[in-house]
Structures are given as C-alpha cells and as structure tokens.
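1. Please find the sequence and the predicted model below.
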Amino acid sequence: MTELRRYKGQALPRQAYMTEFCVVCPKCNQKAKVTVENPYILNNAKLQCSNCKLIEKEEDLIRYNVIVKRNCLNCGKTFEVNIPNRKEKLTEMTVSCPNCNETKKYKPRNDKYKLSYNKESPRDPIFKLSLWFQCDIKGNTLWAYNRNHLSEINHYVSSKLREREDTSYSTMVEKLPTFIKVAKNRDAIIKAIEKLMKK
Ligand SMILES: [Zn+2]
Ligand SMILES: [Zn+2]
C-alpha cells in the first residue's frame, strides 16, 4: 500500500499570512515588500525595496482635495475652486471670484482620499501594488502574499489527503479558490509554484 501524503498544516486564517506582502516595486519593478504591524488591522504599513532603496509609508498615500464652493461675498454668485492632490490640508485659501474678480480669503473644505498604485488584482491591500508571486493556471490566477504563504499552498496542493480541522473561523486553505483544490490541476500548480519559488 502506498502511503498518501496527508495535509496537516496548521489551521491558520488567511490573516496569519498577511504580515508581509511581496510586491512589484513601483519604481524599479523588482521585488519589494510591504509590511504591516498587525495583519488584522493592517496598520503602520511600510513599503521597502532593497533594490532601489525606495521607502514609502502609508501616510504618504494620503491626499486632500481642497475645495471652496460658495457664494461670492461681493457679488453673490456661486463659484467653485478646487485644488486636487495636496499632501497637506489648507485652512485658508485666497480666491478671486471668477465673476467679479473680488479677492477674498475663504475657509476651504478638505476632502481626504488615498492614492493607490494599481487597479488590478491580485495586489497588496494597502499600497495596491501587484503581488510578486502570481502566475496563470489555465486562465486562473494563482497568487500568494509572500513565500511562506506560497509554500503553505504548495504543501496543501501536494498532499493527497486533506483533513479538515474544526475551527470557528475559515482557514486560509478553505478559502483557496476551487481551481487550486481540484485534483486535475495539481501537477500544473505544483510546477507553477516551483517556478515562482525561484523568482
Ligand atoms: Zn525598487
Ligand atoms: Zn464675485
């Protein structure tokens, strides 16, 4: 009787793998990392590239849209002046009315927003940079946050017997998409992970 490899990984939630994200550096396209202090709240995120030395903090992504929308104090007509993409708030803004040209100081509204690098998934949840470990498997994208995550997926896929542990939360492997779980894709996935590991 042949012995089957049994998956008996730790029943960890996906968040357990979310302390570090390997991403594509936005400056040099090499491997960079995003770290967070606590994976459940994703706080104090920092992007670091050892290749080009880029360092960015989550706060660096914050921008303000500074808007004065009101009626001119002189002629009464409504106007709107907008300064997008400011790194700091403005408490006062000198505006000339487009109608009567009267210049006055106004108190603007500061609408806060966050920049993000990328609109396409899979990406890290803070800077939204493309994940470093990703590849195509028959039209589906296999991805991992980091090497540890990738290696655990590999461990799971290469085990022929998979045991379910009783947990009150859903584990990382339970959340894996079906194409990773189906037996017919096993060899393709193992090969792909092997290749990714060398990246
Ligand atoms: Zn870089
Ligand atoms: Zn005016």
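-> That came in fine, so what should we check first? Numbering: from 1, shown residues only. Ligands and ions are numbered 1, 2, ... in the order given.

2. What ranges does the chain have for its helices?
-> Under the criterion DSSP state H, the chain carries helices at the ranges 147-157, 178-181, 186-197.

3. closest to residue 130 out of those?
-> helix 186-197 (13.5 Å; Cβ to Cβ). Where you see a C-beta, it was placed from the backbone N, CA and C, and this is true even at glycine.

4. which secondary structure elements does the helix or strand bottoming out on mean pLDDT in the chain contact?
-> When each helix and strand of the chain is scored by mean pLDDT, DSSP states H and E, strand 161-162 comes last, with a mean of 70. On a contact count with 3 or more Cβ pairs under 8 Å, 6 or more residues apart in numbering; DSSP states H and E, strand 161-162 meets strand 6-7.

5. Ligand 2 contacts on this protein?
-> 72, 74, 75, 97, 99, 100, 102 (Cβ under 5 Å from the ion).

6. Would you confirm that the second one contacts residue 102?
-> Yes - applying Cβ atoms under 8 Å, one finds residue 74 in contact with residue 102, separated by 3.8 Å.

7. if we can go back for a sec, which of the helices of the chain is buried the deepest?
-> Highest mean neighbour count of these: helix 147-157, a mean of 19 (counted as mean count of other Cβ atoms under 10 Å).

8. name the helices or strands packed onto that helix?
-> Here helix 147-157 touches strand 133-137, strand 140-144, helix 178-181, helix 186-197, going by 3+ Cβ pairs under 8 Å, 6+ apart.

9. Let's have these in JSON lines, adding mean pLDDT and distance to residue 20.
-> Below are these laid out as JSON lines (pLDDT from 0 to 100; distance: least, Cβ to Cβ, whole Å):
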{"stretch": "strand 133-137", "mean pLDDT": "96", "distance to residue 20": "12"}
{"stretch": "strand 140-144", "mean pLDDT": "96", "distance to residue 20": "11"}
{"stretch": "helix 178-181", "mean pLDDT": "93", "distance to residue 20": "21"}
{"stretch": "helix 186-197", "mean pLDDT": "96", "distance to residue 20": "16"}
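
10. what would the ones you listed look like in JSON lines with distance to residue 121?
-> Output for the helices and strands packed on helix 147-157, formatted as JSON lines (distance: least, Cβ to Cβ, whole Å):
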{"stretch": "strand 133-137", "distance to residue 121": "9"}
{"stretch": "strand 140-144", "distance to residue 121": "8"}
{"stretch": "helix 178-181", "distance to residue 121": "15"}
{"stretch": "helix 186-197", "distance to residue 121": "17"}
